[in-house]
Every structure is written in structure tokens, then in C-alpha cells.
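Enquirer: Quick one: sequence and predicted model below, then my questions.
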Amino acid sequence: MDKRIQLYSRCIELNPEHPIAYNHRGTAYSDKGQFDQAIRDYNEAIEPDAKYANSFNNRGYAYSDLGQYERPIQDFDEAVRLNPKFAYAFYNRGTVHDDKGQFDLAIMDYDKAISLNPQYAIAFNNRGITYINKGLYDWAIQDFDKAITLHPTYARAFNNRGQAHGDKGQYGQAIQDYNKAIAIDPEYTKAIHNRALAYGSKGEYNRAISYFKRAARIGKKHTAPLQRFLQQKGFYNGKIDGQFTPMMEKALMACFKTKCAG
């Protein structure tokens with residue numbers, strides 16, 4: 001058993017109505033991916049102390065990790081009502097609005113989180129992603145610039161800025177950002193995959209394929225969706241297994257030459 005869980009369980013044995021101990025044990029369960037148990041502990045924390053904003057925020061986070069939308073928003077609403085300066089709760093509510101496709105509401109929450117904590121690099125990064133989803137690429141780039149200034153080794157922000165440049169057709173700048181992301185995290189498959197796409201968009205097909213292969217060697221997460229895409233376009237009729245086979249390479253080259261991924 002996790003040492004933190006043992007510690008807080010002992011605290012609860014000594015004081016069964018200790019909301020902070022329940023809250024911290026819930027966080028330990030959440031960190032282990034045991035979200036249902038975490039929610040039970042957050043419920044116990046909230047029952048004797050319905051003004052404990054942290055527990056509402058943490059329970060909302062656990063509900064969101066279970067793929068729910070309405071319950072977490074209700075909890076984040078209560079968390080920010082109890083603590084109007086709770087930047088993390090505004091940020092968390094923003095991520096749920098993002099997941100629901102409610103981009104304007106997400107931006108409002110990220111704005112609030114950033115106003116409360118101007119050093120909040122991940123909030124700048126997420127707001128940038130939301131701007132990409134709205135097609136506001138210049139605004140997105142400004143947010144990624146800020147996230148990187150605050151956190152110079154933030155690989156995801158470099159990758160996301162690269163995506164914004166790529167969406168603008170600025171493939172050279174995109175590749176520079178993907179290179180920086182990969183230098184920070186050499187096994188960052190999403191950045192490697194995105195770099196491959198950028199080289200493909202530039203017409204450097206052999207280089208693109210070499211990076212697709214590299215991404216596939218590290219993990220299948222991005223290769224299987226690429227197989228499905230090529231299958232839908234009529235270039236690939238093999239297995240959807242995340243493996244980069246000669247059939248996959250041939251399908252990609254045919255796709256590139258017809259600009260199917262452009």
C-alpha cells in the first residue's frame with residue numbers, strides 16, 4: 001500500500017472526522033488512478049466541512065478523470081464560490097469546458113486562472129491549445145511564447161507552438177519547435193509524429209517517413225490513428241495495429257504524392 005495512504009488511514013483511525021486526512025488520502029488514491037476510492041474519500045472530507053474548497057476541487061478532478069463532465073463542473077463551481085482566488089480550480093474547470101468543446105467558456109476560466117496567477121505556465125499552454133481549436137493561431141502562439149518564457153523546458157508548449165505554426169503553413173518554424181520539444185524529451189512521440197507531418201507537408205517525403213518510423217518504434221499511440229486515416233483515404237488496407245510496415249510506408253508515400261494529408 002502507498003505510504004501516504006497508510007499514513008492518512010492511521011490519521012483517520014485516530015480521528016474519523018478529519019477532513020484534511022480524508023482529502024489527502026483521496027489525492028493519494030487519485031494519483032494511483034483509483035478514482036472511485038478517491039471520490040469516496042473526498043465525500044467524507046466534504047461531509048463534515050462543506051466549506052473545504054480543496055476537496056470540491058479534488059473531487060471534480062477525479063470525476064473528470066473518470067470521463068464525466070457535469071459533476072466536475074458542479075464541484076469546480078463550488079470550489080471557486082468558496083474560494084474566488086482558487087486559480088487551480090478555475091484552470092480545472094477550463095479543461096472540462098475544453099473537453100466539452102465549450103471553448104469560449106474554457107478561455108474565460110483560463111483568463112481567470114492567469115489573472116490570479118500570472119506565472120501559471122500550463123494555463124497559458126492550455127489557453128493556447130483552445131485558441132488553436134478556434135483557429136486563432138497568432139493568439140495561440142503568443143500564449144505558447146509566454147508558457148515557454150515561464151518554463152523554458154516545457155516540451156509540450158514547444159510542440160503546441162509548432163502545431164500552431166504548422167496550421168499557419170509555417171512548416172520551417174514548426175519543425176524548429178518540434179526539434180526543441182524532442183531535444184527536451186527524446187521519446188516525445190507526438191512531437192516526432194508532428195515533425196514527420198511537417199516534413200511531409202514540405203514535400204520532404206523520405207525524411208517524413210523516417211520520423212514516422214521513429215515514432216512507431218517508441219510507441220503505437222499515433223501510428224494506429226494514421227493507419228485509420230490512410231485506410232479511410234483508400235491508401236491502406238492492412239491491420240490497424242500501430243506497426244510501421246512496408247505496406248504502411250507505401251501507403252504514406254502515395255498519400256503524400258496526392259497531397260491527401262495537406
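Expert: Perfect, I can see it now.
Enquirer: Looks like Asp41 contacts Tyr29 (just checking).
Expert: Yes. Using C-beta atoms under 8 Å, Asp41 is in contact with Tyr29, at 6.4 Å. (C-beta placed from N, C-alpha, C; glycine too.)
Enquirer: what is in contact with those two at once?
Expert: Taking C-beta atoms under 8 Å, 6 or more residues apart in numbering as the criterion, Asp41 and Tyr29 do not both touch any residue.
Enquirer: more neighbours, those two?
Expert: Neighbour count, other C-beta atoms under 10 Å: between Asp41 and Tyr29, Asp41 has more, with 29 against 23.
Enquirer: For the more buried one, list the residues it contacts.
Expert: So Asp41 contacts 22-23, 25-26, 29 (C-beta under 8 Å, 6+ apart).
Enquirer: Can you tell me the element the nearest residue to it once chain neighbours are set aside falls in?
Expert: Using C-beta to C-beta, 6 or more residues apart in numbering and skipping residues adjacent in sequence, the residue nearest Asp41 is Gly26, 3.4 Å away. Here Gly26 sits within helix 19-31, counting by DSSP states H and E.
Enquirer: Give me the residue ranges of the stretch 151-262 of the chain where confidence is low.
Expert: For the stretch 151-262 of the chain, the stretches flagged by pLDDT under 70 are 261-262.
Enquirer: For it, which segments are assigned as strands?
Expert: Assigned by DSSP state E, counting those that start in this stretch, the strands in the stretch 151-262 of the chain number zero.
Enquirer: quick one: which of the contacts of Asp41 has the most company?
Expert: Gly26 (29 neighbours).
Enquirer: my read: it touches Ala38, true?
Expert: Yes. Contact status for Gly26 versus Ala38: in contact at 4.3 Å, counting by C-beta under 8 Å.
Enquirer: any shared contact partners between the two?
Expert: 58-59, 62.
Enquirer: Next, the buried residues of stretch 175-184.
Expert: Neighbour-count burial for stretch 175-184 flags 175-178, 180-182, 184 (criterion: 16 or more other C-beta atoms under 10 Å).
Enquirer: can you list the domains in this structure?
Expert: Domain segmentation of the chain under automatic domain parsing yields 1-88, 187-262.
Enquirer: next one: the shortest one to chain centre, how far?
Expert: In terms of C-alpha atoms, centre = their mean, to the nearest Å, the gap separating the centre of domain 187-262 from the centre of its chain is 22 Å.
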